[in-house]
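Visitor: Starting from these lines, generate the structure:
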Amino acid sequence: MPAQNHEVFVICAANAIAPGDAKAFSLWKIDDAGETRPFPIVVARKNAAEFFSYVNVCPHAGVWLNVGDGRFLDSEGAFLQCGRHGAKFEIDSGLCVDGTCKGASLEPVAVAIIGGDVCICGVSLVEEDSFPDPFDDDDDTMEITICPD
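Guide: Numbering: from 1, shown residues only. Predicted structure coming up:
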């Protein structure tokens, strides 16, 4: 059984995400092999007290959820929605309830509110002033930019 990671990283102030809204964060994590990889997440604030976080990748085709108009929530603010395929996900569970990946789930990221800050837990993040260059010869990660139609 792998050792549990109890690291906590501040992502933003809790009041930076309004109730009924969600924001994207482009982070870098250190994987099990010790390599640095992009780690895009979305943090959704369902109401005044409930925050949920997921890896920002639609399980249908591996694209960011916030393509298109850049928003995460459907027009009623009731579901996270894939901007490319329209799949809808429950905010509190990440379960796809409508769309091409119905029954699949977003990958959860443990989140806690500590001292008024949104923090993620259990992930080793890169703590540097600048992030690694994804085009460095030592990094075989491919960066892909998705431009809305």
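
Visitor: so what's the most centrally placed residue in the chain up against?
Guide: Note on the chain: the residue nearest the mean C-alpha position is Ile41, at 1.6 Å, using Cα atoms, centre = their mean. Shown in contact with Ile41 (Cβ atoms under 8 Å, 6 or more residues apart in numbering): 11, 24-25, 27, 53-56, 109, 120. To be clear about C-beta, it is placed using only N, CA and C from the backbone, and glycine gets the same treatment.

Visitor: Just the buried ones out of these, please.
Guide: Among the contacts of Ile41, those classed as buried by 16 or more other Cβ atoms under 10 Å are 11, 25, 27, 53-56, 109, 120.

Visitor: Which of the residues you listed lies at the shortest distance from Cys82?
Guide: Cys82 lies nearest to Asn56 out of the buried ones among the contacts of Ile41, by Cβ to Cβ, at 10.4 Å.

Visitor: residues touching the closest one, list them.
Guide: Asn56 touches 24, 40-42, 64-66, counting by Cβ under 8 Å, 6+ apart.

Visitor: now those: which count as buried?
Guide: 40-42, 64-66.

Visitor: Val118 contacts Phe9, correct?
Guide: No: Val118 is beyond contact range of Phe9, at 9.8 Å (criterion: Cβ atoms under 8 Å).
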